[in-house]
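Peer 1: Have a look at this prediction, sequence included:
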Amino acid sequence: MTTIAAPLLAPLDRAPRLTFAGVARSERTKLTSLRSTWLIAALTVVLSAAASAAVALTDASDPAGALAGGVATTLRTMAPATTVVELFVTVLVVLFVTQEFATGQKRTTWAAVPRRLHVLAAKTLVAAGAAVVLSAASSVAAWTASSLVLSSTGLRTSLVDPPVLQAVGSAAAWLVVLTVFTVMVATLVRSSAGAIAIVLGVLLVLPVAVVLVTAGEGADWSVLLLTYAETTMSHLFSGTEPAADLGRDLGVLAAWLVVPTAAAAWATARRDI
């Protein structure tokens, strides 16, 4: 009787190479595989369009004024979409970061990718990309909704008009800044409720507190707030940023990005879990 030996599996010459692109793809899969991601994205686009349409209806009640305003009227009706996207992107990014800590999946991630800072960088890149896509989609939806309403006044604008494109671009750039800040806060806090409270507090509560505390003072402390980055982006994209303020505004913007990023990177590398 002849016995045929089964061939032995040849061992791998080397372990599969772990690349940053591969880590980014895995983070993208984590984001897109969640049902909540698509639900939040859909709500963001729909509510952005609804908010812009509501403002446009107000402007449409004065056809002469709306027509006289021209493209500025369209930009004013699109503005609420940015606020809607701010809120929903904050929630989306916080859940994207913190759900791994809540479920314990972070242990598996760090076991697979020992270089933790690569994970943090990949997660930030994926979140920022998602914010750009969501911001652009919401801006287009807002322009479409407002244009349909304002067409009754005779006002016609194009999505490729330079002022409209500048508004879309500046909104996306601002959302990237907010996303990076949110990722770092969520990485530090590791709590969904806590991170959302901090980010929304910085966006909504802190500006009001600064106005109340500094009322009557000569110094304008609002230029040091994170929300001022939105104005900075708008000025940069439209080319209206004053040369005298450029260094200050970019310095403030960099501080809001660098300080949380450095703290989150240190915590990610030093914490056990």
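Peer 2: Arrived safely, thanks for sending. Model, not experiment: these values are computed from the prediction.
Peer 1: Could you pull out the buried residues of stretch 112-128?
Peer 2: Residues of stretch 112-128 classed as buried by neighbour count (16 or more other CB atoms under 10 Å): 113, 116, 118-128. Bear in mind the C-beta positions are built from the backbone N, C-alpha and C, glycine included.
Peer 1: Output those as JSON lines; include the columns pLDDT.
Peer 2: What follows is the buried residues of stretch 112-128, written out as JSON lines (pLDDT from 0 to 100):
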{"residue": "113", "pLDDT": "86"}
{"residue": "116", "pLDDT": "88"}
{"residue": "118", "pLDDT": "92"}
{"residue": "119", "pLDDT": "92"}
{"residue": "120", "pLDDT": "94"}
{"residue": "121", "pLDDT": "95"}
{"residue": "122", "pLDDT": "95"}
{"residue": "123", "pLDDT": "95"}
{"residue": "124", "pLDDT": "96"}
{"residue": "125", "pLDDT": "97"}
{"residue": "126", "pLDDT": "97"}
{"residue": "127", "pLDDT": "96"}
{"residue": "128", "pLDDT": "96"}
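Peer 1: So which of these belong to helices?
Peer 2: Among the buried residues of stretch 112-128, DSSP state H puts 116, 118, 119, 120, 121, 122, 123, 124, 125, 126, 127, 128 in helices.
Peer 1: hang on, the earlier thing: how about the buried residues of stretch 112-128 in CSV, adding distance to residue 201?
Peer 2: Listed next are the buried residues of stretch 112-128 as CSV, based on distance: CB to CB, whole Å:
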residue, distance to residue 201
113, 32
116, 27
118, 30
119, 27
120, 23
121, 26
122, 27
123, 23
124, 21
125, 26
126, 25
127, 20
128, 22
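Peer 1: of all the residues you listed, which comes closest to residue 36?
Peer 2: Of all the buried residues of stretch 112-128, residue 36 sits closest to residue 127, with 14.2 Å by CB to CB.
Peer 1: how near is that closest one to residue 97?
Peer 2: Distance from residue 127 to residue 97, counting by CB to CB, to the nearest Å: 8 Å.
Peer 1: Which residues are in contact with each of the two?
Peer 2: Common contacts of residue 127 and residue 97 (CB atoms under 8 Å, 6 or more residues apart in numbering): 182, 183.
Peer 1: thinking again about what came up before, can you name the two of the ones in helices among the buried residues of stretch 112-128 that are farthest apart?
Peer 2: Spatial extent of these (CB to CB) is set by the pair 116 and 128 at 18.7 Å.
Peer 1: remind me which residues of the protein are low pLDDT?
Peer 2: Residue ranges of the chain with pLDDT under 70: 1-16, 216-219, 273.
Peer 1: Identify each buried residue in stretch 94-112, please.
Peer 2: Applying a neighbour-count criterion of 16+ other CB under 10 Å, one finds 94, 95, 96, 97, 98, 99, 100, 101, 106, 109, 110 buried in stretch 94-112.
Peer 1: dump the residue contacts of the second one.
Peer 2: Remark: with contacts taken as CB under 8 Å, 6+ apart, residue 95 is in contact with 34, 36, 192.
Peer 1: Out of the residues you listed, who's the most crowded?
Peer 2: Of all these, the highest neighbour tally under other CB atoms under 10 Å goes to residue 192, namely 17 neighbours.
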